[in-house]
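*Asks:* Please work out how this folds:
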Amino acid sequence: MTRSISWGAVLTCCAVMVCEGIDLVVYGNVIPSLLEDGSMSVDKAAAGNVGSLVFAGMFAGGIAAGRIGLALGSKRVVVSGVVCFSAATLLSGLSPNLIALASARFVTGVGLGVVLPIALSIARCGVEGREAPLVVSVVMSGVPIGGTIAALAVSSSVGLGWRVPLAIASVAGFAVSGLALALLPEDGRGVGKGAPSPDSWRGTFKASRLLLLAACSLATFFYLFAYYGVTTWLTQLMREFDIPLEGSLQLSLVLNVGAIAGSLGMSLVSLRTDAKKVAVASGILACASLFTISAKPESPVVLVVLVAATGAFAISAQNHLNALVSNAFPAEMRSSALGFTLGLGRLGAVFAPICGGAILQAGYGASSVLICFGVASLIGCISLLACTDKAIMKSISACKLRK
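*Replies:* Next up is the predicted model:
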């Protein structure tokens, strides 16, 4: 028997994701200022490599999330994780050299990676399958909301360098950690049957579920490659299109506003159809938007619309893939399953900034980078289509039998 949605827990988890979004997006927005800081000696390729380290950390954190949640409890993991990535973001802004900055960004990613699947599991617990995309999308809308805040913070602090926005980002995380401590339910009271056990962790990786996990992990890899590649490099790519810094930062803001609208709008569409169809359609539309932007449309209005559409559809594809995974596993396995697919999928986010930086450094231009991200989104759709409806329904049926 299911219960009504616990909107207090959902909105608290959304606030946690706002901090994730701030910490993830702020680095991409300060890259132009970082490149101009002669004391750091950072070129475009190095900036991409450092940008990838946060996602490498998220890979490690995501893979470990299920086990850590089992050992410490969901609420404690979320609160500790927020404190961890906020402190590391503060240290990023205080970094005296490239090695210190890279190390701090990796630790930031570990905290982010652990928190995401646990927070999704807390919010998703007890919600009916048809409502899962709505809950997941509300929680995940926090990421582009945070990205919007980051873009505004960087825009308002132009001239103050790249360190100040990172320090501001850390303050938001420390504040929300207190909110999570006060409002999230304790394990066994609100999470209840969603609390993992050693048996449930092992059950996540039974042979009957491995194909489903593999297909969803591969799709996540390419969806996150596209989304975080654009998030990290959009400001610099627009500068490569000879758009002034202020205008490039505004387009980064448009990307995140579009992602907020897409997160919520497409979740309403999924109330009338299944999450897989919405994920595939969104991925195709994100690809089309990126390809069109790569052609350098002359109209500013068209460019703004395309950037907004990219944000809307790219994040919607991943949100609905997360909802599909959460529906296909029982509550006690959910954090492990999401941690695994998001953890492996984070490798896509690791390679995307590196690829973007390498393409630019090699002189192929911004259009080639955008085409690369568009192709990744399309491959994500193909990977998800390989995850048959039969395999999904088999896992969902097994969940119902457990109940």
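*Asks:* What is the neighbour count of Trp7?
*Replies:* 12 (other CB atoms under 10 Å). All C-beta atoms are positioned from the backbone trio N, CA, C, and that covers glycine.
*Asks:* Same question for Ser299.
*Replies:* 9.
*Asks:* mind checking the backbone torsions on Asp242?
*Replies:* Backbone torsions of Asp242, given as degrees, to the nearest 10, read phi 70, psi 30.
*Asks:* ok, how many other residues are close to Ser95?
*Replies:* Residues within reach of Ser95, counting by other CB under 10 Å, total 18.
*Asks:* which other helices and strands contact the helix or strand where Ile122 lies?
*Replies:* Assigned by DSSP states H and E, Ile122 belongs to helix 98-124. If you count contacts as 3 or more CB pairs under 8 Å, 6 or more residues apart in numbering; DSSP states H and E, helix 98-124 packs onto helix 7-36, helix 44-72, helix 74-93, helix 132-140, helix 300-328, helix 331-361.
*Asks:* Show me the strands in the stretch 101-250 of the chain, by range?
*Replies:* With DSSP state E, counting those that start in this stretch applied, the stretch 101-250 of the chain shows no strands anywhere along its length.
*Asks:* just to revisit the earlier point, show me which positions of the helix holding Ile122 end up buried.
*Replies:* Along helix 98-124, these residues count as buried under the neighbour rule (16 or more other CB atoms under 10 Å): 98, 101-124.
*Asks:* now stretch 79-86
*Replies:* Buried residues in stretch 79-86, defined by neighbour count with 16+ other CB under 10 Å: 79-86.
*Asks:* quick check, nearest of those to Glu20?
*Replies:* Closest approach to Glu20 among the buried residues of stretch 79-86 (CB to CB): Phe85, at 7.5 Å.
*Asks:* And the pLDDT at that closest one?
*Replies:* Phe85 is assigned a predicted lDDT (pLDDT) of 90.
*Asks:* quick one, what contacts it?
*Replies:* Counting by CB atoms under 8 Å, 6 or more residues apart in numbering, Phe85 touches 19-20, 23, 107-112, 115, 173.
*Asks:* count of neighbours near Ala71?
*Replies:* 11.
*Asks:* And Ala358, by the same measure?
*Replies:* Count around Ala358 with other CB under 10 Å applied: 17.
*Asks:* what do you get for the one 10 residues further on?
*Replies:* Ser368 is flanked by 14 other residues according to other CB under 10 Å.
*Asks:* what does Ala64 give?
*Replies:* 16.
*Asks:* Just give the closest residue to it, not the sequence neighbours.
*Replies:* What sits nearest to Ala64 in space, not counting adjacent residues and going by CB to CB, 6 or more residues apart in numbering, is Val114, at 6.6 Å.
*Asks:* and what of Ala100?
*Replies:* Ala100 sits nearest to Leu91 (CB to CB, 6+ apart), 7.6 Å away.
*Asks:* OK, contacts around that neighbour?
*Replies:* Leu91 sits next to 100, 104, 107 when contact means CB under 8 Å, 6+ apart.
*Asks:* how does it look with 10 Å?
*Replies:* 100-101, 103-105, 107-108, 166-167, 170 (CB atoms under 10 Å, 6 or more residues apart in numbering).
*Asks:* Likewise for Phe106?
*Replies:* Counting by CB under 10 Å, 6+ apart, the residues that Phe106 touches are 50, 52-58, 60, 88.
*Asks:* Poorly predicted segments of this structure, please.
*Replies:* For the chain, applying pLDDT under 70 flags the ranges 1-5, 126-130, 158, 187-209, 388-403.
*Asks:* rewinding a little: okay, the contacts of Phe106 in CSV with distance to Gly8 and neighbour count next?
*Replies:* Compiled in CSV, the contacts of Phe106 are given as follows (distance: CB to CB, whole Å; neighbours: other CB atoms under 10 Å):
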residue, distance to Gly8, neighbour count
Val50, 37, 27
Ser52, 36, 27
Leu53, 34, 22
Val54, 29, 32
Phe55, 30, 29
Ala56, 33, 22
Gly57, 29, 26
Met58, 26, 33
Ala60, 31, 16
Ala88, 28, 25
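*Asks:* which two in the residues you listed are spaced the farthest apart?
*Replies:* Largest pairwise distance in those, by CB to CB, is 16.3 Å, between Val50 and Ala60.
*Asks:* longest single helix anywhere in this structure?
*Replies:* Criterion DSSP state H: the longest helix present in the chain is helix 207-240.
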